[in-house]
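*Asks:* Prediction below, plus the sequence it came from.
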Amino acid sequence: MTLRTYKGIAPKLAEGVYVDASSVLVGDIELAKDVSIWPLVAARGDVNFIKIGARSNIQDGSVLHLSRPSKGKPAGSPLIIGEDVTVGHKVMLHGCTLGNRILVGMGAIVMDDVMVEDDVIIGAGSLVPPGKTLQSGYLYVGSPAKAARPLNDHEKSFLTESALNYVQLKNEYLAEG
Ligand SMILES: CC(C)(COP(=O)(O)OP(=O)(O)OC[C@H]1O[C@@H](n2cnc3c(N)ncnc32)[C@H](O)[C@@H]1OP(=O)(O)O)[C@@H](O)C(=O)NCCC(=O)NCCS
């Protein structure tokens, strides 16, 4: 795998983390226990930091970046992802904060200073503009993303199930060596 140091800071990986050999992780990135990073993910923690919570998975071709601190915004916009989050294929996450048990559909774009509360699904191909808050318990779709309806019980339980499926899958990949 490609783990690159930037300004003396290298990515930190907790126990059980899986990073595909084709992915590139640079700088200030923290991956908690059992996180999985799938092929061709690019994550760059250079002008701010990236944190990913336990059991979350970042699927193939996704891009993770952030925004630097500025006069008006001294903390800038780091990228913070909670626990049991599934980030689908080819997603762009930029300088946003995601809570726990979230599914980000394939090809979605989530921009700076977005706050996604716990238990949310973002439909495939959605665009979430800067600074929006997505409310807990809802499905959001479209460009710009709008609340479509509340999640049903099946979808809510699927959020945790999806994350656990990916923990199991990455364990199989780790066992392959
Ligand atoms: C949005 C989603 C959850 C389906 O929700 P749903 O309520 O079951 O939607 P339905 O399939 O019943 O479709 C309802 C309407 O939404 C539309 N729709 C479905 N998915 C949509 C999406 N991602 N964006 C915009 N509109 C969407 C349908 O075309 C349909 O429109 P219509 O009423 O005009 O015909 C699903 O399509 C989706 O995007 N899932 C994400 C899956 C994913 O990317 N997983 C990650 C990889 S593991």
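*Replies:* Sure thing, it's come through.
*Asks:* hey, where'd the helices end up in the chain?
*Replies:* Using DSSP state H, the helices of the chain run over 153-176.
*Asks:* And the contacts of the worst-scoring helix or strand of it on mean pLDDT?
*Replies:* The least trusted helix or strand in the chain, going by mean pLDDT, DSSP states H and E, turns out to be strand 2-4, with a mean of 94. Contacts with strand 2-4, where a contact means C-beta atoms under 8 Å, 6 or more residues apart in numbering, come from 10-11, 13, 19, 21, 23-27. For every residue, glycine as well, the C-beta is placed using N, CA and C.
*Asks:* Sheet-wise, list the partners of that strand with their directions.
*Replies:* Strand 2-4 has the following sheet partners, assigned by DSSP bridges: strand 24-31 (parallel).
*Asks:* can you list contacts of the strand it pairs with?
*Replies:* By C-beta under 8 Å, 6+ apart, the list of residues contacting strand 24-31 reads 1-7, 9-14, 17, 19, 37, 41-46, 48-52.
*Asks:* Show me what the longest strand along the chain is packed against.
*Replies:* When the chain is parsed with DSSP state E, its longest strand is strand 42-52. When contacts are defined as 3 or more C-beta pairs under 8 Å, 6 or more residues apart in numbering; DSSP states H and E, strand 42-52 packs onto strand 24-31, strand 63-65, strand 79-81.
*Asks:* tell me the mean pLDDT over it?
*Replies:* For strand 42-52, the mean pLDDT works out to 98.
*Asks:* need the residues of this protein near the ligand, please.
*Replies:* Counting by C-beta under 6 Å from any ligand atom, the residues of the chain close to the ligand are 88-89, 103, 105-106, 121, 123-125, 139, 141-142.
*Asks:* Please tell me how far residue 84 sits from the ligand.
*Replies:* 14 Å (C-beta to the nearest ligand atom, to the nearest Å).
*Asks:* Once you drop chain neighbours, what's closest to that residue?
*Replies:* residue 163 (3.8 Å; C-beta to C-beta, 6 or more residues apart in numbering).
*Asks:* give the contact list for the one you found.
*Replies:* So residue 163 contacts 55-57, 83-86, 101 (C-beta under 8 Å, 6+ apart).
*Asks:* Give the buried subset of those residues as a PyMOL selection command.
*Replies:* Applied in PyMOL, the following selects the buried portion of the contacts of residue 163 according to 16 or more other C-beta atoms under 10 Å:
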select buried, resi 55+56+57+83+84+85+86+101
